[in-house]
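K.L.:
Build me a structure from this.
(one chain, ligands or ions: 2)
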Amino acid sequence: MPEFCDVAVPVPLHTVLTYRVPEGANAAVGSRVIVPFRRQRLPGVVTELHDRAPKVTAKTVLEVLEDTPALSEELLRLGKWISDYYLAPVGEVFRSMLPLNAEFRRATVYRITEEGHTALHLAGSGGSSSRSKKNPEDQDTEYRALNHLAMRDEVREGTLRSATGIAPALLAGMVRKKWIEREDVSHVTDATRTRQVAVLCSGGCPPPLEVDGGSWDGRGRPPLHVNVAADLQFRPTNTPESPAEPKLNSNQGLIMDALATAGGKLDVQTLRELDVPRSTLATLVKRGLVELIDEAIELPKSTVNPRGIPAGMEFNSAQRAALDRIRALVDERKFAGILLHGVTGSGKTAVYLAAMKSVLDAGRTAILLVPEIGLTPAVAADVHDVFGNEVAILHSGLSDKERAEHWHRIRRGEARAIVGTRSAVFAPVSNLALIIVDEEQDSSYKQEETPRYHARDVAVMRAKFSDAVVVLGSATPSLESYFNAKKHRYALVEMPDRVEKRPLPEVKVIDMRQEFQETGTEQVISRKLIEEIQLRLQRNEQAMVLLNRRGYSPVVLCRTCGKKLECSNCAIALTHHKSRRRMECHYCGFMARVPKHCASCGSEYVYFLGTGSEKLEELLHGFFPQARIARLDRDTVRSHADFERVLNALNAGELDLLVGTQMIAKGHDIHGVTLVGVVGADMALGLPDFRAAERTFQLLTQVAGRAGRGEIPGKVVLQTYFPEHYAVQYAAQHDFTGFYEKELRFRSWMHYPPYSSLANVMVRSAKLDETLRWSGAIGRWFEKSRHEGVRVLGPAAAPIERLKRDYRYHFILKSPSRQKLNTVLRAMLTQAEKEKIPRTNVIVDVDALWLM
Ligand SMILES: [Zn+2]
Ligand SMILES: [Zn+2]
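P.N.:
Numbering: from 1, shown residues only. Ligands and ions are numbered 1, 2, ... in the order given. Now for the predicted structure:
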């Protein structure tokens, strides 16, 4: 075994740290270890084993969690690539690839010292030397804590705080006074790997329920089991065939009793909650009375009614061609990328599932990535039908523990079809043959916190490292992917028709400026849309109305002084939420009362302007009092279950109208919807963001695609204030190519992606002067160092100048050479370190999607 190992620790460091491998330990590259870091114990991943002694004395690894690596060679390589490409600290990358949260439990214990005992003694005898001037209440708390500790070996921080009410600051002070010692005892729990279950031994050895009484120490539950025997129909203890009956002490009895009551089986975690020492269970096992077994954990299944994926997969020719193409490339066992461009309703999902099925039949594995909430329930039902127990579904609604359970199942090879959101790209499958990224343009694939990776691009790299095939599917591919296909980096497969030749919906564009002129008032819902909804209600068909803004009114304005009501943490207007009777900031969650007077001038003329989805729902109730209306946005959908319930109701025909934000636009295949109204989807066109046109085009195309997926042709009423805008025009004509050509020309002129690599560097601080000083220093360095082939814009105040209490200044870097861009960013981070700017205050966002 080599003497040293390099460990990636989840802290904002760009390097790995060298530790000594403990005597007799069996660490492997990719294993998880616990290491001392400053005064903490931290989990990390071994990246290399070697015999090169570091310059400073190396600390020793505290614990090696596994001798088989948690991260395969392929995933380690992927993690290093992410760290390099996105300039993300390598330990933080590995952390987000592994389910460490559930398995690593943070804990701190305290112990009293000699000095502490002395202080307590002095205080008790009244001769307090240090009991004096300062806050007497704090001192009482300190002595209470000392008292508590004096009676015990060591106490967990949580227990100590709840028992004595002591605050962390006081505890820290006591450590400084050396009255107490603190130790980080964070550790790994094995609860999630498999569920360990204790089972009463079969083979005729139920325990004699006999207790050597009196040993109950008064804590916990008293031993009840004496009377239980008869109820549980155990053999009487004095039957001749029962051999010498083992005696049980009260603790052992407690466990046997609990097991018997639960029908002979309980998970070990539950037994640990009984107030008995851990050794008791071990003793029972030793005595052959109880057996411990590992049991697979029953995972929750989706509750959406399966739509019945075509069993024989009766494909049309385009679907057949797409599937054949994917299968042929998979069989070559080489990296290949495919852009699958299929209009909404063209049956892409069936192609995905069929491709995955053939991969599994060949004994290999496949991953299907889906965007956040929008797609999962419907797809979940299908994949359960197709793959049964071989599927693992990973979505954002899972707890850390559930996530870890899936992770172990996948690693054991029990699940070979993985379906999940962003981080499922890291699923620890082996023998990977195929990764599919559905709706590859979706912005939820981009992680907006460290490490800021894009799961679609990571999927492409993972496929490369595994000699696998990656399929990027979309009705509205991102410009980047379409560009790559045009450049023949990906094979382009088109599915231009809907299944069964159903027509794309007819789109009617309503110019809302004209509507205003003709009706004389500002309308939220046009006369045409009302008429069309009325028609659907009469015909018992369903309609969806999109307004991509939640809340009741997005702006509250004083008509006297003109001030907008803003969040106190962000430079953002607060949104009025009527049913919750409060104002909310959609960026940081700040809440305030609904104002009666202007906070600045005291005027009563406070106006609520604009419309959000909550108000739209209210308006629709007014127009159509008989209709059954539901709303789908982040205010009404708190969980996956909420989401599934609304979709099920719509599917079952229990709803007439569904109102919502972009959540309603994504991938639901509801056959009864024949009308889609778009009330507000073009707001983004007014924003200073070069992707605004692309996003608007995609959203309009996606939501229009919800209409007419059944027998009856669909219709779309698209209300807009920008009827001439090319994003609106091309979406109305279902003309992706037209939009793509025009948008590419614009990107090319402006040196934006895909013609240029782009990074956003954000400098932030809660103090404005720090933000200015730091961004100024970085700006001067950029100017002085003049990097050939990299354009630097800024420093400039970010479009949202203040967010979550931080002042924000940013730079935008563009370069035709990704390598040059990367080099400059790296040098910039080194410079920032020299300037003593904390790493967490400089955010580097490579391929940023959001420049606000
Ligand atoms: Zn005012
Ligand atoms: Zn805010």
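K.L.:
count of residues packed around the nearest residue in space to V343 that is not next to it in sequence?
P.N.:
Leaving aside its chain neighbours, V343 sits nearest to A475 (5.5 Å; criterion: CB to CB, 6 or more residues apart in numbering). All C-beta spots, glycine's among them, are computed from the backbone N, C-alpha and C. A count of neighbours around A475, defined by other CB atoms under 10 Å, yields 23.
K.L.:
How about G776?
P.N.:
G776: 13 surrounding residues under other CB under 10 Å.
K.L.:
just checking, L434 is part of a strand?
P.N.:
Yes: remark: L434 belongs to a strand, assigned using DSSP: H, G, I helix; E, B strand; the rest coil.
K.L.:
host element of the residue nearest to it when sequence neighbours are not counted?
P.N.:
In space, and not counting its chain neighbours, L434 is closest to A366: 4.2 Å by CB to CB, 6+ apart. Using DSSP states H and E, A366 sits in strand 365-369.
K.L.:
Which elements pack onto that strand?
P.N.:
helix 348-361, strand 417-420, strand 432-438, helix 455-466 (3 or more CB pairs under 8 Å, 6 or more residues apart in numbering; DSSP states H and E).
K.L.:
a markdown table for those, including distance to V509, mean neighbour count and mean pLDDT?
P.N.:
Putting the helices and strands packed on strand 365-369 into a markdown table (distance: least, CB to CB, whole Å; neighbours: other CB atoms under 10 Å; pLDDT from 0 to 100) gives the following:
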| stretch | distance to V509 | mean neighbour count | mean pLDDT |
| --- | --- | --- | --- |
| helix 348-361 | 27 | 22 | 93 |
| strand 417-420 | 37 | 27 | 93 |
| strand 432-438 | 29 | 26 | 97 |
| helix 455-466 | 31 | 22 | 97 |
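K.L.:
what's the closest of those to F104?
P.N.:
The closest of the helices and strands packed on strand 365-369 to F104 is strand 417-420. By CB to CB, the value is 21.7 Å.
K.L.:
Now do that closest one: distance to the chain's middle.
P.N.:
Here strand 417-420 is found 15 Å from its chain centre; the criterion is CA atoms, centre = their mean, to the nearest Å.
K.L.:
Listing partners with orientation, what would you give for that strand?
P.N.:
Applying DSSP bridges, strand 417-420 is found paired with strand 365-369 (parallel), strand 391-394 (parallel).
K.L.:
ok, and what's touching it?
P.N.:
Under the contact criterion CB atoms under 8 Å, 6 or more residues apart in numbering, strand 417-420 has outside partners 356, 360, 365-370, 376, 379-380, 383, 386-387, 390-395, 410, 424, 427, 429.
K.L.:
just to revisit the earlier point, most neighbours per residue, which of the strands paired with strand 417-420?
P.N.:
Mean neighbour count (mean count of other CB atoms under 10 Å) peaks for strand 365-369 among the strands paired with strand 417-420, with a mean of 28.
K.L.:
Next, the angle from it to strand 432-438.
P.N.:
Counting by axes from the mean of the first three to the mean of the last three CA atoms, to 10 degrees, strand 365-369 lies at 10 degrees to strand 432-438.
K.L.:
now strand 365-369 and helix 348-361, what's the angle there?
P.N.:
Angle, strand 365-369 to helix 348-361, by the same axes, to 10 degrees: 160 degrees.
K.L.:
Just the C-alpha atoms of strand 365-369, please, in CSV.
P.N.:
C-alpha atoms of strand 365-369 as CSV (Å, rounded to 0.1, in the frame of the first residue of the first chain):
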residue,chain,number,x,y,z
THR,A,365,-27.1,0.3,-19.0
ALA,A,366,-28.8,3.5,-20.1
ILE,A,367,-29.6,6.9,-18.5
LEU,A,368,-32.5,9.2,-19.5
LEU,A,369,-32.2,12.8,-18.3
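K.L.:
for it, the distance to its chain's centre please.
P.N.:
With CA atoms, centre = their mean as the basis, strand 365-369 stands 18 Å off its chain's centre.
K.L.:
Ok, stretch 721-731 next?
P.N.:
On CA atoms, centre = their mean, the centre of stretch 721-731 falls 34 Å from that of its chain.
K.L.:
rewinding a little: can you tell me which of the helices and strands packed on strand 365-369 is nearest to ligand 2?
P.N.:
helix 455-466 (27.1 Å; CB to the ion).
K.L.:
Just the pLDDT for the residue nearest to L434.
P.N.:
Note on A366: pLDDT of 97.
K.L.:
Relative to R550, how far out is A459?
P.N.:
30 Å (CB to CB, to the nearest Å).
K.L.:
if we can go back for a sec, the residue nearest to V343 touches T344, doesn't it?
P.N.:
Yes: with contact defined as CB atoms under 8 Å, A475 reaches T344; the gap is 4.6 Å.
K.L.:
who touches both of these two?
P.N.:
Listed contacts common to A475 and T344 are 701-702, 705; contacts here mean CB under 8 Å, 6+ apart.
K.L.:
Name the residues linked to the spatially closest residue to A424 that is not a sequence neighbour by a beta bridge.
P.N.:
Take A424 and drop its neighbours on the chain: the residue closest to it by CB to CB, 6+ apart is L394, 4.5 Å away. For L394, the beta-bridge partners are G420 (DSSP bridges).
K.L.:
quick one: L394 and W407, what's the gap?
P.N.:
The gap separating L394 from W407 is 9 Å, by CB to CB.
K.L.:
list residues touching both of these two?
P.N.:
Common neighbours of L394 and W407, using CB under 8 Å, 6+ apart, are A427.
K.L.:
In CSV, list the C-alpha atoms belonging to the longest strand anywhere in the chain.
P.N.:
Assignment by DSSP state E gives strand 791-803 as the longest strand of the chain. Provided in CSV are the C-alpha atoms of strand 791-803 (Å, rounded to 0.1, in the frame of the first residue of the first chain):
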residue,chain,number,x,y,z
ARG,A,791,-12.9,40.3,-25.0
VAL,A,792,-13.7,41.5,-21.5
LEU,A,793,-16.8,43.7,-20.9
GLY,A,794,-17.1,45.3,-17.5
PRO,A,795,-16.9,45.8,-14.6
ALA,A,796,-20.5,46.9,-14.7
ALA,A,797,-23.4,46.7,-12.2
ALA,A,798,-25.2,43.5,-12.9
PRO,A,799,-28.8,44.0,-14.3
ILE,A,800,-30.0,42.9,-10.9
GLU,A,801,-27.6,45.1,-8.9
ARG,A,802,-28.5,43.7,-5.5
LEU,A,803,-29.6,40.1,-4.9
